[in-house]
Every structure is written in structure tokens, then in C-alpha cells.
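*Asks:* Compute the structure for the input listed below.
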Amino acid sequence: MSLWNAGINAILDSLPKSLSFLKKGKATDITSLIEEFQYPKYGPGMMWEVCRDKVEASGSKVLMETKAVKVRVEDDRAVAVVASHAGVETEYPCNEVISSMPMSQLLMAMDPPPPADVLAAAKDLRYRDFLTVALVVPDDGIFPDNWIYIHSPEVKVGRIQNFGSWSPYMVKDGLTCLGMEYFVFEGDEYWSMSDDDLVALGTRELGKIGLVDATKVSAGYVVRVPKAYPFYDERYKANVQTMRDWLAAHAPNVHPVGRNGMHRYNNQDHSMYTAMLTAENIATGTTYDVWDVNVEEEYHEEKAPGEGAGEKGTGRDAPVIPREAFGPDHPVNKPSA
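*Replies:* Down below sits the predicted model:
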């Protein structure tokens, strides 16, 4: 966001209601400043529940709580997927495989396994992990935004969601739920904390930044999300290319999609779009290159002058961070499982 647009928006926001018609000139071409959007009543999970229901209504099957553990390959084609549910493995024959699982795990699930250099590339990919400490507090006008970023070095929390602002149906009357978000590495000090200790940490930090009196927290819950973000280090591009080349030559009917599947830090809409184009390629014979979706060299969310809909996307990218910046004992420099 440019300083000019920030100033203009601040002036327009301060106008009295009698001049509200002037707000039509507000800079809304910036993704972060979208004024209105649709949000599922009980949260984004509703989208996937409807998706599951539609798939099943069409005669197909959706298996929940089931993990893909192997992709069998014969004569340079994937011929079956082995899935595990409650400790029981079942093999499912396949014509095509669309995978949103972490790209490293997909390559390590190939049966027979790829050559040593391909497996080394898969094991060399790194991720940033994520956890949320959800704290229940009184809804007394804490803040009206959906989320805020926290930049104070005195606390570990990096972002706070106000789920009551997303949808009032996700919280009880008189209460809201604040999601204290921590960007961590699996196995580090914070990831390894007990849930009780994390709730205590979130409660203390909420009070430290002065957002809510810590004594008003009535309940807390912890959700850990491993491999939430693809990590961009000095070797990730070469590793991804090695894996792509092997798949193209030896399993061309296996299609990586999405943020984790492609190890690409796309927004949710672009991540979903790669899957939609892949499905269209399979169903209709089109030849969209999903690796061209949202290709930009810089992280920016502002449309360039004259850029129209459908041209370049939001250009979401992230900086490359050398692993040596973390030190030899950091989890990011440990071998991947």
C-alpha cells in the first residue's frame, strides 16, 4: 500500500456522513482494503462440507480422517493410491491423482521410491509451522477488525483474529473468541509447549499488549497446524524443480496443486484455482499450466496502473531466507522426516 493511498483513505474515512458520497473515490484496488466480502455463517469449513456433499451426491466417495500413504507407480504412471484409516490400509486404483499434500511427502510416498537425488530434494524442503491459541473473552468492543498484526518485540504473538467480527454466529452472545496466532517451527520451544502452557502464554500476552484484561479470559484452546507455510530458502526452487521434473517424466498423471502441494506461497484463491484448472485439464483435455498461476517476482497486493482483471493476480510471494541465518541447532536446519 502506498503512502499516498493511505493518506487519501484516512481523509475519506474522517468525512462526515453528509459527505459520504465522496468515499466512492476510496482506494479499493488494494486487496487488503476490500470493504465487503462474503463469509460463511459458521466459518470456511462450511464450503468444504458443501463440496463433500455435492461430490457424494454425484455418486463419488469422500473419505474423512484417511491418510494417503503410498502412490503406486507402474510403467511411468500412477496406478493406485494406498490410504490408511484407523490403522487399516486400503488400495484404490486410479487414473489420475490430484495431490494437495505437502510436495515433499508426496514424493516420499511414491512406490517404488524415486532416485536418491529426488528423495534428497524432497527431504530438503522446509516449512514454517503455525499454531493458534483461541481465547474466549467478553465481547465488549475489543476491536472491530477481523484481525490485527502485532509488531511489539515484547510478545511472541504475531497476529490476532477476532472470530466474532468474522461472523457473530461463531461465538456465543456476550462473548467473542480471539485467535492468538504464533508462527513457529515444528519442534521448537513454542510448538513443544503443552496446551495449558500455551493458553497461559496467550493469556499473559493478551494482557501485556493491553488488549484485554487477562483475568477476563474464561477458556482457551490450542490448534497446531504443521507445514502451514512453504519455506523459501536458497535451495527450495532447485528442489521443487527436481521433483517436478521427475513427476513429469515418471508419473505425469500425478498433479500437485495448492500451497502445500506446489510448495508455493499463494493466496487461498490462487491455490484453489490451480486445483480447478487441473480438474478442467483432466475432464476436458485443456492444457492450462498451473505453475503459471500467480507468477510474480515480488510480494505486493496492489494492482499496477492499468492492470485489468485476470492479468497477473495479486503477486503474492515471500523473501528467500538463508538457512544459515537460523544457526545450526535450529529446527529448520534439522533433517526432515
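*Asks:* could you check the distance from residue 171 over to residue 264?
*Replies:* 34 Å (Cβ to Cβ, to the nearest Å). (Glycine included, C-beta is placed from N, CA and C.)
*Asks:* For those two, indicate the residue with more neighbours.
*Replies:* residue 264 (26 against 18; other Cβ atoms under 10 Å).
*Asks:* If I look at the spatially closest residue to that one that is not a sequence neighbour, what pLDDT would I see?
*Replies:* With sequence-adjacent residues excluded and distances taken as Cβ to Cβ, 6 or more residues apart in numbering, residue 264 is closest to residue 230, at 6.4 Å. Residue 230 carries a pLDDT value of 93.
*Asks:* Contact partners for residue 230?
*Replies:* Residue 230 makes contact with 125, 127, 128, 236, 259, 260, 263, 264, 265, according to Cβ atoms under 8 Å, 6 or more residues apart in numbering.
*Asks:* same deal with residue 63?
*Replies:* Residue 63 touches 83, 85, counting by Cβ under 8 Å, 6+ apart.
*Asks:* Residue 4: which element?
*Replies:* Using DSSP states H and E, residue 4 sits in helix 3-13.
*Asks:* which of the contacts of residue 230 lies closest to residue 82?
*Replies:* residue 260 (19.8 Å; Cβ to Cβ).
*Asks:* Now that closest one: which helix or strand?
*Replies:* Assigned by DSSP H and E, residue 260 falls in helix 258-262.
*Asks:* now the residue nearest to residue 264, which residues is it bridged with?
*Replies:* Beta-bridge pairing of residue 230 under DSSP bridges involves residue 127.
*Asks:* Do I have it right that residue 263 meets residue 241?
*Replies:* No: if you go by Cβ atoms under 8 Å, residue 263 and residue 241 don't touch, sitting 10.6 Å apart.
*Asks:* Can you pick out the residue with more neighbours from those two?
*Replies:* Comparing residue 263 with residue 241 by other Cβ under 10 Å, the one with more neighbours is residue 263, at 24 against 11.
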